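Asks: predicted structure and sequence below. I'll ask about it afterward.
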Amino acid sequence: MKRVLMAVIAAGLGCGMMLGCDEKKSDSMVDKAKAGANDAASKMKDAASGAADKAKDMGKAVGDKAADMTTALKGEVKNLMDTVKSKVETLDKGGSTLDPAKKGEFDKAMTGIKSTWADMTKGFDGLSGQTGDAMAKTLADLKTKGTDLMATVKTTAEKFGIKLN
């Protein structure tokens, strides 16, 4: 009986030791899993931060490009307005020598031209309070109005035989 008791005790200790080892292995595996999860979370956080920085840089680059394009368009519209202004003044001076029979019709045409010119000048002067899309839209509208006004000035000059050069 002593032998059986010794065998049972030895088996119990062996099982207890095995259970203890399994528990240590289990704790070690949990620790490794936690470390892996923390490492993965850290890498994801770093990747997200890097992506946010890249997006911010890209946004700045797009903003800079848009600002450059707006500046270029503003310069183009300014040049167009200077040209139109010069042609309107030349047309107005040329009309002062017209035959009285044509003068009434010419004055009516000049009233429309000067009104459009005044609207354009007001729009261009209002650009200083605008930014972004609003400025781009105003500049596009001014460019269209300027091109149309230039065509009207040329047509009027041809109709009344006035040289714009």
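Replies: Structure's in. What do you need? Residues are numbered from 1 along each chain as shown.

Asks: quick one: least confident helix or strand in this protein?
Replies: helix 2-95 (a mean of 70; mean pLDDT, DSSP states H and E).

Asks: show the subsequent helix or strand relative to that one.
Replies: helix 100-125 (DSSP states H and E).

Asks: next secondary structure element downstream of that following helix?
Replies: Counting by DSSP H and E, what follows helix 100-125 is helix 132-159.

Asks: what mean pLDDT does that following helix get?
Replies: Average pLDDT, helix 132-159: 94.

Asks: mind giving me the packing neighbours of it?
Replies: helix 2-95, helix 100-125 (3 or more Cβ pairs under 8 Å, 6 or more residues apart in numbering; DSSP states H and E). C-beta: built from backbone N, CA, C; applies to glycine.

Asks: so how far is residue 52 from residue 44?
Replies: Residue 44 is 12 Å from residue 52, where distance means Cβ to Cβ, to the nearest Å.

Asks: no wait, residue 161
Replies: 66 Å.

Asks: also residue 72?
Replies: From residue 72 to residue 52 the distance is 30 Å (Cβ to Cβ).

Asks: check residue 148 too.
Replies: For residue 148, the distance to residue 52 - Cβ to Cβ - is 46 Å.

Asks: with residue 156 instead?
Replies: 57 Å.

Asks: so between those two, which is more surrounded?
Replies: More crowded of residue 156 and residue 52, by other Cβ atoms under 10 Å: residue 156, with 22 against 10.

Asks: might one say that that one is in contact with residue 111?
Replies: No. The pair residue 156 / residue 111 is not scored as a contact, 11.4 Å apart, by Cβ atoms under 8 Å.

Asks: can you tell me the closest non-neighbouring residue to residue 154?
Replies: Nearest-residue entry for residue 154: residue 164, 6.8 Å, with adjacent residues in sequence omitted and distances by Cβ to Cβ, 6 or more residues apart in numbering.

Asks: if I look at the one you found, what pLDDT would I see?
Replies: 90.

Asks: now do the SS call for it.
Replies: Following DSSP: H, G, I helix; E, B strand; the rest coil, the label given to residue 164 is coil.
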